[in-house]
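# okay, structure incoming, though there's no sequence with it:
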């Protein structure tokens, strides 16, 4: 690769990394040449407090213990 092409690809990779907090950048190389850049970014959210997570839906998800019937 020429120095000019190296600079172009370095700039492209740097652009993909800009502003990313969590994720990955994958550089694909074929026959010694960069052919593709993939960016996968993840967004993380803070956990909700215990009171917020116990809404009407979470109550229906709770399982109650049921006695087992004796088999005959």
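Sure, I can see it. In this text the structure is predicted, and so the values were computed from the model without any measurement.

# quick one: the strands in the chain?
Here the chain has its strands, by DSSP state E, at 23-30, 33-41.

# what's the distance between residue 43 and residue 5?
According to CB to CB, to the nearest Å, residue 43 and residue 5 sit 33 Å apart. Where C-beta positions appear, they are placed from N, C-alpha and C, glycine not excepted.

# show me where this structure has its helices.
Using DSSP state H, the helices of the chain run over 3-17, 50-53, 56-61.

# any idea which of the ones you listed has the lowest pLDDT on average?
Among these, helix 56-61 carries the lowest mean pLDDT, at a mean of 54.

# follow-up on the earlier one: between residue 43 and residue 5, point out the one with more neighbours.
residue 5 (11 against 7; other CB atoms under 10 Å).

# ok, residue 13 - how many residues close by?
With other CB under 10 Å as criterion, residue 13 counts 15.

# next one: it from residue 26, what distance?
Residue 13 sits 10 Å away from residue 26, going by CB to CB.

# pull up the overlap in contacts between these two.
residue 37 (CB atoms under 8 Å, 6 or more residues apart in numbering).

# is residue 29 in a bridge, and if so with what?
residue 34 (DSSP bridges).

# distance of it from residue 37?
11 Å.

# for the two, work out which one has more neighbours and name it.
More neighbours surround residue 37 than the other of residue 29 and residue 37, with 14 against 9 (other CB under 10 Å).
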